[in-house]
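K.L.:
Return atomic coordinates for the entry below.
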Amino acid sequence: MFPRLIILFTLVPIAELALLIQTGRWIGLWPTLALVLSTGIIGAALAGREGLRAWRSVQLDLWEGRVPTRSVLDGLSIFVGGALLLTPGLMTDAFGFALLLRPTRRWFQDRIIKRIGGSMVPRQVQFDVSKETGAAMHRRAARPAGREINQADG
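P.N.:
Next comes the predicted model:
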């Protein structure tokens with residue numbers, strides 16, 4: 001893990017700087033600065049819109065009693081994508097936009113889920129009830145239909 005962090009925090013900024021310098025040579029200083037600034041502004045607007053959509057999805061999942069796994073992954077992806085768009089650079093902007101757009105975001109999420117072994121895939125949740133409550137539920141379910149309930153049956 002540590003070697004990956006070294007690569008991430010040293011080689012990526014060096015590559016970003018080299019790409020910005022090369023882009024500045026190709027199209028000029030001011031168009032390059034305008035490109036970096038415009039990707040930040042467009043990315044912030046897109047991140048705000050997609051973030052609000054993800055928040056609503058989390059609320060809907062919770063309201064309907066579902067575990068908001070995919071919605072939380074969407075929110076996390078949008079957060080990371082927005083952070084990448086705030087950093088100056090063209091490679092990080094491209095990756096940030098990819099995390100903000102739903103089809104590419106889902107593609108990245110599917111790869112991450114496969115890599116971590118599907119531990120974030122929603123599973124059926126079962127609750128353990130006390131013996132007393134479980135026995136009462138069993139008696140109620142075992143009664144034949146149409147039978148009158150009296151005090152002795154519970």
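K.L.:
list the helices and strands the longest helix belonging to the chain packs on?
P.N.:
Using DSSP state H, we find that the single longest helix of the chain is helix 29-63. Counting contacts by 3 or more C-beta pairs under 8 Å, 6 or more residues apart in numbering; DSSP states H and E, helix 29-63 is packed against helix 12-27, helix 69-86, helix 90-100. (C-beta placed from N, C-alpha, C; glycine too.)
K.L.:
can you do 6 Å?
P.N.:
In terms of contacts (3 or more C-beta pairs under 6 Å, 6 or more residues apart in numbering; DSSP states H and E), helix 29-63 is packed against helix 69-86, helix 90-100.
K.L.:
what angle do the longest one and helix 29-63 make?
P.N.:
For helix 69-86 against helix 29-63, the angle by axes from the mean of the first three to the mean of the last three C-alpha atoms, to 10 degrees is 160 degrees.
K.L.:
What average pLDDT does helix 69-86 get?
P.N.:
On average, the pLDDT along helix 69-86 is 90.
K.L.:
between that helix and helix 90-100, how many degrees?
P.N.:
Going by the same axes, to 10 degrees, helix 69-86 makes 160 degrees with helix 90-100.
K.L.:
tell me which residues of helix 69-86 are tucked away?
P.N.:
Residues of helix 69-86 classed as buried by neighbour count (16 or more other C-beta atoms under 10 Å): 70-71, 73-75, 77-78, 80-82, 84-85.
K.L.:
what does the shortest one give?
P.N.:
Residues of helix 90-100 classed as buried by neighbour count (16+ other C-beta under 10 Å): 90, 92-93, 95-100.
K.L.:
Among the residues you listed, find me the one that's closest to Ile21.
P.N.:
Among these, Leu90 lies closest to Ile21 (C-beta to C-beta), at 11.0 Å.
K.L.:
Surely that closest one touches Leu19?
P.N.:
Yes: counting by C-beta atoms under 6 Å, Leu90 does reach Leu19; the two are 5.3 Å apart.
K.L.:
who touches whichever strand or helix holds Ile113?
P.N.:
Assigned by DSSP states H and E, Ile113 belongs to helix 102-115. Helix 102-115 is touched from outside by 73, 77, 98-99, 120, with contacts defined as C-beta atoms under 6 Å, 6 or more residues apart in numbering.
K.L.:
Can you pick out the most distant pair from those residues?
P.N.:
Spatially, the most separated pair among the contacts of helix 102-115 is Ala98 and Met120, at 19.9 Å (C-beta to C-beta).
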